[in-house]
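*Asks:* This is a predicted model, with the sequence first.
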Amino acid sequence: MSIRNPDPFAFLSGDSLLRMGLTPISDQEWVAPFSRAEYETFSQHKRSVLERNPKALLVDGAADVALAEFYVALKQHLQRDHPGAVLSCSLDFHDPEAATPAALLRKITLWVPDDICILQAEDGGEYQLTAVSVLSPSAWNPVAKFRRSLSDIHQPIPKFKQRLMPSVDRFFHHIKSGRPVVRYNWGIQQGDRLDRMPGTEVVSEDCLYYRSERQTLLRLPGSQAVVFLIRTQLWELAKLDEMSGEENTLQRLLNHISGLSQEERDYKGLTGKRLTGLQCALERLRN
């Protein structure tokens, strides 16, 4: 029996940028269940992004063995633990004709709604991003992070290197095979666009959405690589109570934001028009 997943409304329990917030889950829960509608939304989105930018999928030569292992592990997991989704979404498990690492990554990308990162450590050193299929980034450029270390990837997070990097590095080196963990990240964004590359969002007071990211990590037993999956969900602010199952969720969100440091608010973009928009949304819900 697994430990209950953390809530996608993580701020209700007082989360922090400088807290890892990891919770063990069973291997059956590694990939979250998904409906045909959710799958089709993300499948269409991913295909659209790849048509515009085929180079959005990147694989370093060091990830070839890990990617082949991940391909087999994910296929087995979906067939064993999500047979309904496999059937309803007509997932294609035929091996690609040219089983190159790039072809395998594209195939895997279209099996699940999640974004995918593979991280590996060389000779016991710091983990690096060696394969990436992140087509719904939240204000970061995955291509710019390719082959970068964990500390470089998280450099924009206030005080990450000094306060959290030692714990993250220790965790990555000690995570056990077959024991996935999950955490949630959250943010507020303009509109319901899934791929938010830096500089593409026009901030206003209207059309704000709550963005939740379910993030799981699993070590592959053979290559010892760590697979990082990101499942994104978006909800209109007006539906936060309904989706969270709690009352006054938007007010509690604003209360949580007020308790963040200025650095944390700046990092999450919770200043200026976006913060005003949250306050206006709360007033509209009250009236």
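*Replies:* It's in. Numbering: from 1, shown residues only.
*Asks:* So in terms of bridging, what pairs with the residue nearest to the spatial centre of the chain?
*Replies:* Centroid check for the chain by Cα atoms, centre = their mean gives I230 as the closest residue, at 2.5 Å. Note on I230: beta-bridge partners D115, Q215, judged by DSSP bridges.
*Asks:* For it, give its distance to V72.
*Replies:* 21 Å (Cβ to Cβ, to the nearest Å). Yep, even glycine has a C-beta here, placed from its N, CA and C like the rest.
*Asks:* in terms of contact, does the residue nearest to the centre of the chain touch V112 like I think?
*Replies:* No: between I230 and V112 there is no contact under Cβ atoms under 8 Å: 10.4 Å.
*Asks:* how far away is L250 from D266?
*Replies:* To D266, L250 is 21 Å away according to Cβ to Cβ.
*Asks:* no, scratch that, I was asking about S43
*Replies:* Counting by Cβ to Cβ, the gap from S43 to D266 is 35 Å.
*Asks:* higher neighbour count, those two?
*Replies:* The neighbour count for S43 versus D266, taken as other Cβ atoms under 10 Å, is higher for S43 (18 against 12).
*Asks:* element containing L217, please.
*Replies:* Using DSSP states H and E, L217 falls within strand 208-219.
*Asks:* helices or strands next to that strand in the packing?
*Replies:* strand 181-190, strand 226-236, helix 272-286 (3 or more Cβ pairs under 8 Å, 6 or more residues apart in numbering; DSSP states H and E).
*Asks:* let's see 10 Å
*Replies:* Judged by 3 or more Cβ pairs under 10 Å, 6 or more residues apart in numbering; DSSP states H and E, strand 208-219 is in contact with helix 64-81, strand 115-121, helix 165-174, strand 181-190, strand 226-236, helix 240-244, helix 249-258, helix 272-286.
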